[in-house]
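Visitor: Need the 3D shape of this:
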Amino acid sequence: MVRLLRPFGRAVTYTRWLHLCIAVVWPSMWLFVEEAWWTWVVAGAVLAPAGLVPAMRTVEGLQARLLLTAHREDVENTDIVVAPSASWGERGRLVVWLEARLLLGCATAVVSARLVFATVNLLSAPFTGDFTEGGLWLRDAGPWWQFLFAPVPLVALAVTVVASGRLITALAVRLLGPSPAERLAALEERTEQLLERNRIARELHDSIGHALTVAVVQAGAARAAGDPAFTDRALAAIEETGRAALEDLERVLGVLRESPRPVGGRPTLTDADRLLESARASGAKVDIETTGPLDSVPGPVSREGYRILQESLTNVLRHAGPVPAAVRIAVTDGTLTLEIRNPLTAEIPGPGSGSGLRGIRERAALLGGHARTGPHEGDWQVHVELPVS
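Guide: Numbers count the residues shown, from 1 in each chain. Prediction:
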């Protein structure tokens with residue numbers, strides 16, 4: 001019982017009924033001038049060319065959002081669009097919507113009025129006879145018990161209000177909703193947003209994660225060493241790494257804020273020396289082998305390669321500690337190859353564990369390359385190949 005009465009406690013139930021009544025206001029006023037059935041035909045004919053006006057879709061969409069849905073005006077609602085009509089298909093759907101709204105509004109208004117008058121007749125018939133001239137249901141005063149049937153048209157009126165409101169809302173979603181082209185455009189925009197969010201998440205994870213890892217390793221080593229000179233070197237390394245991380249953070253925040261000021265360039269593989277020095281200052285022995293001209297690598301590929309190298313060295317420090325690591329960077333036959341190897345001294349992470357390894361694979365895939373991470377001949381290996389053409 002409570003479930004049946006729940007719609008009558010929602011404001012949208014009555015705004016939907018109001019939306020239908022608004023559709024028949026001007027045709028009803030016309031009836032006072034000319035009482036003829038063809039006035040409704042003329043009203044429908046007038047609406048057809050109005051639906052061909054592109055701005056009419058915006059007017060109807062805003063009105064439908066405000067009165068037919070339970071969403072507030074400031075809440076995004078993609079079921080009903082408010083953009084002007086951009087194609088003949090959208091204009092055609094709008095014409096059908098205007099005609100259907102007029103027809104359903106007329107039927108709802110007539111049925112609602114008759115049910116109201118029927119209720120009044122049932123209540124007053126036993127005492128005063130028919131309520132309206134000509135009679136709707138009853139002509140003469142009847143037995144006193146007829147007023148007991150008054151709830152019947154009231155229940156029918158309630159069903160009419162709820163059912164017509166849900167029907168007009170379903171029609172609005174179908175006829176005023178986004179077209180296939182608009183759905184595709186919205187999907188592409190959403191995809192671009194998700195890709196940008198993932199890219200920013202990777203940038204923050206790699207830069208800030210690397211800085212925090214180096215700082216933690218350096219601080220722990222300085223405390224254990226008890227050597228003032230080593231402590232000074234560790235603090236200098238922490239300071240340099242922190243400064244670089246702040247630059248990266250400011251760059252990412254500038255993108256998020258859409259700052260008009262130009263942000264600094266992202267580091268590339270030509271700046272890899274500072275990564276190696278940071279890892280060496282943390283106690284790791286890093287050997288690097290470079291083959292081919294790094295300057296010829298395109299900027300996007302070089303920047304992603306830098307982040308891959310950064311995350312790989314961060315994982316070495318985080319999971320293996322200050323162990324020897326071998327880095328190989330090669331540019332040959334239109335391919336950039338990155339390989340980072342270190343001895344396995346800790347538990348081997350699974351192929352899908354850790355957002356860092358997932359970020360490496362995502363970076364490689366976005367550039368049309370591929371990445372392999374995992375044990376290889378007794379070492380942990382990160383092997384990435386990126387096309388540079």
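Visitor: So Asp295 versus Leu94, what's the distance?
Guide: 58 Å (C-beta to C-beta, to the nearest Å). No exception for glycine: its C-beta is placed from N, CA and C like everyone else's.
Visitor: How about Ile22?
Guide: For Ile22 relative to Leu94 (C-beta to C-beta), the value is 17 Å.
Visitor: More neighbours: those two, which one.
Guide: Comparing Ile22 with Leu94 by other C-beta atoms under 10 Å, the one with more neighbours is Leu94, at 23 against 13.
Visitor: What's the local residue count around the closest residue to Pro267 other than its chain neighbours?
Guide: Among residues not flanking Pro267 along the chain, Tyr306 sits closest, at 5.1 Å (C-beta to C-beta, 6 or more residues apart in numbering). Per other C-beta under 10 Å, the neighbour tally for Tyr306 reads 21.
Visitor: what's the answer for the one 3 residues further on, then?
Guide: When counting by other C-beta under 10 Å, one arrives at 24 neighbours for Leu309.
Visitor: got the contact list for the residue nearest to Pro267?
Guide: Tyr306 makes contact with 266-269, 271-272, 275, according to C-beta atoms under 8 Å, 6 or more residues apart in numbering.
Visitor: Which helix or strand contains it?
Guide: helix 299-315 (DSSP states H and E).
Visitor: Show me how far that helix is from its chain's centre.
Guide: 29 Å (C-alpha atoms, centre = their mean, to the nearest Å).
Visitor: Please apply the same query to stretch 285-299.
Guide: With C-alpha atoms, centre = their mean, you get 39 Å for stretch 285-299.
Visitor: Just the CA trace of that stretch, in PDB.
Guide: Extracted in PDB, the C-alpha atoms of stretch 285-299 (Å, rounded to 0.1, in the frame of the first residue of the first chain):
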ATOM      1  CA  LYS A 285      74.800   1.000  -8.400                       C
ATOM      2  CA  VAL A 286      73.400   1.900 -11.800                       C
ATOM      3  CA  ASP A 287      75.200   1.100 -15.000                       C
ATOM      4  CA  ILE A 288      73.800   2.500 -18.200                       C
ATOM      5  CA  GLU A 289      74.400   1.600 -21.800                       C
ATOM      6  CA  THR A 290      73.200   4.000 -24.500                       C
ATOM      7  CA  THR A 291      73.000   3.200 -28.200                       C
ATOM      8  CA  GLY A 292      71.800   5.400 -30.900                       C
ATOM      9  CA  PRO A 293      70.900   9.100 -31.000                       C
ATOM     10  CA  LEU A 294      68.500  10.000 -28.200                       C
ATOM     11  CA  ASP A 295      68.000  13.500 -29.600                       C
ATOM     12  CA  SER A 296      66.300  12.000 -32.600                       C
ATOM     13  CA  VAL A 297      63.500  10.400 -30.500                       C
ATOM     14  CA  PRO A 298      60.200  12.400 -30.900                       C
ATOM     15  CA  GLY A 299      59.200  14.400 -27.900                       C
END
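Visitor: re the thing from before, mind listing what's buried in the helix holding Tyr306?
Guide: The neighbour-count check on helix 299-315 (16 or more other C-beta atoms under 10 Å) flags 301-315 as buried.
Visitor: which of the residues you listed lies closest to Leu104?
Guide: Nearest to Leu104 out of the buried residues of helix 299-315 is Glu304 (C-beta to C-beta; 56.6 Å).
Visitor: Surely the closest one touches Leu386?
Guide: Yes: using C-beta atoms under 8 Å, Glu304 is in contact with Leu386, at 7.0 Å.
Visitor: any common contacting residues for those two?
Guide: What both Glu304 and Leu386 touch, as defined by C-beta under 8 Å, 6+ apart, is the set 364, 367.
Visitor: ok, for Val111, nearest residue in space, not its chain neighbours?
Guide: The shortest distance from Val111 to any non-neighbouring residue, by C-beta to C-beta, 6+ apart, is to Thr160 (5.4 Å).
Visitor: Check what contacts the helix or strand hosting Glu289 and list those residues.
Guide: Here Glu289 sits within strand 286-291, counting by DSSP H and E. Among residues not part of strand 286-291, those counted as contacts by C-beta under 8 Å, 6+ apart are 272, 276, 279-280, 313, 324-332.
Visitor: Now with 7 Å, please.
Guide: 276, 279-280, 325-332 (C-beta atoms under 7 Å, 6 or more residues apart in numbering).
Visitor: Can I get the buried part of the residues you listed as one PyMOL selection?
Guide: Typed into PyMOL, the next command selects the buried ones out of the contacts of strand 286-291 (criterion: 16+ other C-beta under 10 Å):
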select buried, resi 276+279+325+326+327+329+330+331
